[in-house]
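In: Starting from these lines, generate the structure:
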Amino acid sequence: MGPAIDEDHMAIFGSSVPSKDGLDLLLLGLPRDPLATVEGLIQSLASASGNQQSIQATVQAVCEGVGADAAFWFSRSTEKVSAMTGSRTLTPAWCGRFARAALAHSPTDREVVLLTTPAANSAQEPANGTAAEPQPHAALLCRNDQTSGYIVAVTFRTDKKFDEADAKIARVAYKMLLTQRSQIQNGVKQLLLGLVHSLTAVIDAKDPYTAGHSERVARIAALLAKKLGLSPALQGDVFLAGLIHDLGKIGVRDEVLHKPGKLTAEEYEEIKQHPVLSDRIVASIKPFDRLRPAVRGHHERYDGTGYPDRLAGEAIPLLARVLAVADSCDAMMSPRRYRPGLSPIQIDLVFTREVGRQFDPDIVAAFMAVRAQIYPPIYQQGIGESAYHAIDHIVNNLTDGSMMKLPAMKDAE
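Out: This is a model prediction of the structure:
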């Protein structure tokens, strides 16, 4: 049984996150010792090398600043406990149960919530013979919709209750964490945006004859995803996956990639490895992890005869099925060394013939519904704002553990 929360003794102090000017006003209103705590946090955040270190420093500052016996971070997405600190040793399991119980009794529109919990008889033995769980006398919760977790501080002293001054300290510390996280996210977004531009340039340089293919595939795929009613985040994902789906072609020999005639069986096997190579490259970019199924599976066929994994039907990831239609559409529209581009009527006939064989029937139906927006071909100069908004969705939803993990990209083998 989790820790009890006494609703009759719940005190709530809440406000919106203060602006930068508001932060200065809050600092001016802090007593001398808590102000020293906040000043120490500024130094800690400046020297933090990653997101987890920033969280640890903030939780510790709140614990010390409000005079708590213990404090910890509770992840909203995973419900995992981390950054435990304080003079009272608590188990992660207890912290998790307490956080869930406290949140269940807390208004969702409050930034800082102060709770008074009923005192528990620590000497009491439950029926199963295990020791009774400790019950804190008071608790403080600090949260914000802009981040993925909560700071929870507790005290077991009967003479201690958290008050408005403590709420102010917690609010200031949390605001500082949010500000630093925003700066990190903006940096990561710019880094990823530059990386996407560079990768598409690499693909175009590898085969200038198909320059612009990835951008057109990305735009067609996003259009199909919107027609299918997918969320803006998934529309952004399939757009980015379209931009980088052919990265693996940098590992294919030029004489094979540029061959004007029919490929030999050996050469075709080499070409068939490019989705695997693309997946391997994308795997080295941690924030793009969720794009990998679409990138790897864009040459799978609905009837199970595609490559590289011979997946069939709905076993093929949805975004990969969307990319398959978008990729094939642009490939047919565009002229190649060995043939001219196909007309819209010819392309429609191919899609109609291959429904249920090469392509998902629902996605072909979506294509037919928006074909007027695709013909004539979507030739677009530059990636534009679409890439930025897609990356924005990815970075804003990174987990605590992946915020700063952006390893160097490895060459395809």
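In: my guess is P92 meets T78, correct?
Out: No. If you go by C-beta atoms under 8 Å, P92 and T78 don't touch, sitting 12.0 Å apart. (Glycine included, C-beta is placed from N, CA and C.)
In: can you give me phi and psi for T155?
Out: T155 adopts backbone torsions of phi -130, psi 140, taken as degrees, to the nearest 10.
In: Show me where this structure has its strands.
Out: With DSSP state E as the criterion, the chain has strands at 10-13, 70-75, 81-86, 112-116, 138-142, 149-155.
In: I'd like those strands laid out as CSV, including distance to L342.
Out: What follows is the strands of the chain, written out as CSV (distance: least, C-beta to C-beta, whole Å):
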stretch, distance to L342
strand 10-13, 65
strand 70-75, 51
strand 81-86, 55
strand 112-116, 62
strand 138-142, 60
strand 149-155, 52
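In: Now the helix ranked longest in the chain: average pLDDT?
Out: Counting residues, the longest helix found in the chain (DSSP state H) is helix 164-206. Across helix 164-206, the average pLDDT comes to 75.
In: what's the answer for stretch 223-236, then?
Out: 93.
In: Any idea how far apart the tips of it sit?
Out: 10 Å (C-alpha to C-alpha, to the nearest Å).
In: What of stretch 271-288?
Out: Span of stretch 271-288 from end to end, C-alpha to C-alpha: 23 Å.
In: What residues of it count as buried?
Out: 271, 273-283, 285, 287-288 (16 or more other C-beta atoms under 10 Å).
In: surely L240 meets A221?
Out: No. Between L240 and A221 there is no contact under C-beta under 8 Å: 9.7 Å.
In: of the two, who's got more company?
Out: A221 (31 against 27; other C-beta atoms under 10 Å).
In: Chain neighbours aside, what residue packs nearest to the more buried one?
Out: Distances taken as C-beta to C-beta, 6 or more residues apart in numbering put A326 closest to A221, at 3.9 Å, once the chain neighbours are dropped.
In: next one: L291
Out: Nearest to L291 is A241, by C-beta to C-beta, 6+ apart, at 4.5 Å.
In: Count the neighbours of that neighbour for me.
Out: Neighbours around A241, by other C-beta under 10 Å: 33.
In: likewise the one 5 residues further on?
Out: D246 has 26 neighbours, counted by other C-beta under 10 Å.
In: Contact partners for it?
Out: Neighbouring residues of D246 by C-beta atoms under 8 Å, 6 or more residues apart in numbering: I203, H213, S214, H274, S278.
In: what's the distance between the residue lying closest to R290 once chain neighbours are set aside and R110?
Out: Nearest residue to R290 in three dimensions, chain neighbours excluded: D237, at 6.3 Å (C-beta to C-beta, 6+ apart). As defined by C-beta to C-beta, to the nearest Å, D237 lies at a distance of 33 Å from R110.
In: Same drill for the two, tell me which one is more crowded.
Out: D237 (25 against 16).
In: Go ahead and confirm the more buried one touches A320.
Out: No. The pair D237 / A320 is not scored as a contact, 11.2 Å apart, by C-beta under 8 Å.
In: does T200 really touch L240, like I thought?
Out: No. T200 is not in contact with L240 according to C-beta under 8 Å; the separation is 10.4 Å.
In: For burial, what's the neighbour tally of T158?
Out: 9.
In: what about it, distance to D69?
Out: Distance of T158 to D69, computed by C-beta to C-beta: 12 Å.
In: Present the strands of the chain as CSV; the columns should include mean pLDDT, mean neighbour count and distance to R337.
Out: Listed next are these as CSV, based on pLDDT from 0 to 100; neighbours: other C-beta atoms under 10 Å; distance: least, C-beta to C-beta, whole Å:
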stretch, mean pLDDT, mean neighbour count, distance to R337
strand 10-13, 33, 16, 70
strand 70-75, 91, 24, 53
strand 81-86, 90, 20, 55
strand 112-116, 82, 23, 65
strand 138-142, 86, 25, 62
strand 149-155, 89, 26, 54
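In: Where does pLDDT dip in the protein?
Out: 1-50, 117-133, 145-147, 181, 183-185, 187-189, 208-210, 376-413 (pLDDT under 70).
In: how about the residue nearest to L291, what does it touch?
Out: Applying C-beta under 8 Å, 6+ apart, the residues near A241 are A218, A221, L291, A294, V295, H298, L319, L323.
In: now do 6 Å
Out: Residues near A241 by C-beta atoms under 6 Å, 6 or more residues apart in numbering: L291, A294, V295.
In: So the last one sits against A283, correct?
Out: This means V295. No. If you go by C-beta atoms under 6 Å, V295 and A283 don't touch, sitting 9.4 Å apart.
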